[in-house]
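*Asks:* sequence first, then the predicted structure:
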Amino acid sequence: MNLKQLQYFLAVAEEGQMTAAAKRLHVAQPPLSYQIKQLELELGVTLFNRLPQGVTVTEAGKLLVGYAQQLTQLSATAENKVRALAHGVTGTINLGTVSSSAGVMPNTALLKWLGQHPDVQLAITEGNTYELLDDLHKRLLDVAVLRTPFNAQHLVCRYFPAERMAAVIPKRYSRFEKRRQLQLSDLATLPLIKYRRFNELFHVAFLEASVTPTYIMTCDDVSRRCTGLITNWEWPWCHGHWLKPMTVVTC
């Protein structure tokens, strides 16, 4: 098993078709099919289910995807660092950040530091807090901007100032249109969508305010699907992702 085979395997897994994967890799389809077949023979497993309209990943293939992604990413990181050194660039900072970090990243301090160190490159990866924590522990990232709460064991953390929580509410609730601040009691009669990671935080906040909220959905992420629910069904959204402060984390 070699790196080229893993790159070919990932392309086929992501595209779902040999033809599309070959086009993406800028190779002919027969060599691609041959490399995939050789990889399957070496591992002694079937990685893809061959279908008339394409391929799907088998259980063995799904297991390999995660390892292949790590290995190819580590290879790319090593190659970039060695090439940078050869060209006189002394380093690359691999920075991970959550999608809601626009309020703190990039900031003046970071831009100033990069300006003072033109020989340092910045490689940015976006993901959720748990994905970025996993990459930190695997040494795929040097530093990450995350959302609390999370397990900070074995990590060095620096905290940004806490941010206010925001409630995203459709225009049909016109009584809130000119309000710049809301009380938890204002949300008592509204159907709410909340973020699962902050279940306990919401529970304590509403309990202390003697308010019984009405939850109609609990989300695992702040996804477009939830945004669609707000738009199409006109439900208010108690957006817990802004409740706790941002954190800069390194291993």
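*Replies:* It's in.
*Asks:* residue boundaries of the helices in the protein?
*Replies:* 3-15, 18-25, 29-43, 59-86, 108-116, 129-137, 199-208, 224-233 (DSSP state H).
*Asks:* comparing those helices by mean pLDDT, which bottoms out?
*Replies:* For the helices of the chain, the stretch scoring lowest in mean pLDDT is helix 224-233; its value is a mean of 50.
*Asks:* before we move on, back to that, could I get the helices of the chain as a markdown table with mean neighbour count and distance to Arg158?
*Replies:* (C-beta placed from N, C-alpha, C; glycine too.) As requested, the helices of the chain are exported to a markdown table (neighbours: other Cβ atoms under 10 Å; distance: least, Cβ to Cβ, whole Å):
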| stretch | mean neighbour count | distance to Arg158 |
| --- | --- | --- |
| helix 3-15 | 19 | 35 |
| helix 18-25 | 17 | 40 |
| helix 29-43 | 15 | 43 |
| helix 59-86 | 14 | 24 |
| helix 108-116 | 10 | 11 |
| helix 129-137 | 18 | 14 |
| helix 199-208 | 14 | 21 |
| helix 224-233 | 13 | 30 |
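*Asks:* next, format these as CSV and append distance to Arg147.
*Replies:* As requested, the helices of the chain are arranged in CSV below (distance: least, Cβ to Cβ, whole Å):
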stretch, distance to Arg147
helix 3-15, 27
helix 18-25, 33
helix 29-43, 38
helix 59-86, 23
helix 108-116, 18
helix 129-137, 5
helix 199-208, 12
helix 224-233, 16
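*Asks:* out of the ones you listed, which comes closest to Arg50?
*Replies:* In terms of Cβ to Cβ, the element of those nearest to Arg50 is helix 18-25, at 8.9 Å.
*Asks:* distance from the chain centre to that closest one, please.
*Replies:* Computed by Cα atoms, centre = their mean, to the nearest Å, the separation of helix 18-25 from the middle of its chain amounts to 26 Å.
*Asks:* try stretch 69-80
*Replies:* With Cα atoms, centre = their mean as the basis, the mean position of stretch 69-80 lies at 18 Å from the chain mean.
*Asks:* what does it rub up against?
*Replies:* Leu3, Leu6, Gln7, Leu10, Thr92, Asn94, Ala123, Lys138, Leu140 (Cβ atoms under 8 Å, 6 or more residues apart in numbering).
*Asks:* wait, Ile93 touches Asp119, no?
*Replies:* No. The criterion here is Cβ atoms under 8 Å, and Ile93 misses it with Asp119 at 11.5 Å.
*Asks:* compare the two (neighbour count), which wins?
*Replies:* Per other Cβ atoms under 10 Å, whichever of Ile93 and Asp119 has more neighbours is Ile93, with 16 against 10.
*Asks:* noted, bye for now.
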